[in-house]
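>>> starting from these lines, generate the structure:
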Amino acid sequence: MQSTQPSFDAPLASTLFPDIVRLTASAAAPPAAADSGTAQNDVSRTIKLDLSKQAAQLHSNLAALSTQAAALPAGNLSLEDQDWLIAQLEKEVERKRQELAKMAQLTTAAQNGAAPAEPHAQPMDTA
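Below you'll find the predicted structure:
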């Protein structure tokens with residue numbers, strides 16, 4: 001069975017800041033002037049309803065992204081811990097590359113019939 005890696009919705013995350021700016025601008029905007037008190041109440045109610053919808057959507061998006069981030073591998077690590085982990089993984093990758101290069105060198109030498117060259121090999125005393 002194949003296990004799927006949890007994913008993070010980057011396009012959704014990229015909309016958060018513009019949504020916050022839009023919500024803030026809407027909340028700070030003065031209500032439009034209306035001729036009658038009833039019309040002004042309707043406009044005010046519509047603005048409040050729109051702000052409420054925007055805030056609820058923002059809250060929903062934040063909750064979804066928080067859940068996704070928590071499910072990511074190492075998503076609970078701090079940035080410093082993630083940096084350390086990345087550095088350790090890069091060291092391991094480099095070590096594996098060196099092992100593969102050495103194996104390739106040994107394989108090539110064996111195919112050519114030559115003895116593998118070892119940097120610190122001492123000649124054997126056969127006497």
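>>> against which helices or strands is the helix ranked longest in the chain packed?
Longest helix of the chain, by residue count under DSSP state H: helix 37-71. If you count contacts as 3 or more Cβ pairs under 8 Å, 6 or more residues apart in numbering; DSSP states H and E, helix 37-71 packs onto helix 10-14, helix 16-28. The way it works is simple: take the backbone N, C-alpha and C, and place the C-beta from them, glycine included.
>>> keeping just the C-alphas, turn the longest one into PDB.
The C-alpha trace of helix 16-28 is given here as PDB (Å, rounded to 0.1, in the frame of the first residue of the first chain):
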ATOM      1  CA  LEU A  16      -4.400  35.000   3.800                       C
ATOM      2  CA  PHE A  17      -2.600  38.300   3.800                       C
ATOM      3  CA  PRO A  18      -4.700  39.900   1.100                       C
ATOM      4  CA  ASP A  19      -7.900  38.700   2.900                       C
ATOM      5  CA  ILE A  20      -6.700  40.200   6.100                       C
ATOM      6  CA  VAL A  21      -6.000  43.500   4.400                       C
ATOM      7  CA  ARG A  22      -9.400  43.500   2.600                       C
ATOM      8  CA  LEU A  23     -11.200  42.700   5.900                       C
ATOM      9  CA  THR A  24      -9.300  45.500   7.700                       C
ATOM     10  CA  ALA A  25     -10.100  48.000   5.000                       C
ATOM     11  CA  SER A  26     -13.700  47.000   5.000                       C
ATOM     12  CA  ALA A  27     -14.000  47.300   8.800                       C
ATOM     13  CA  ALA A  28     -12.200  50.700   8.700                       C
END
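>>> who's in contact with that helix?
Contact with helix 16-28 is made by Ile47, Asp50, Leu51, Gln54, Ala55, Gln57, Leu58, Asn61, Leu62, Leu65, as judged by Cβ atoms under 8 Å, 6 or more residues apart in numbering.
>>> picking up where we left off before, just put the helices and strands packed on helix 37-71 in JSON lines and tack on distance to Arg97 and mean pLDDT.
Formatted as JSON lines, those follow (distance: least, Cβ to Cβ, whole Å; pLDDT from 0 to 100):
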{"stretch": "helix 10-14", "distance to Arg97": "30", "mean pLDDT": "89"}
{"stretch": "helix 16-28", "distance to Arg97": "39", "mean pLDDT": "89"}
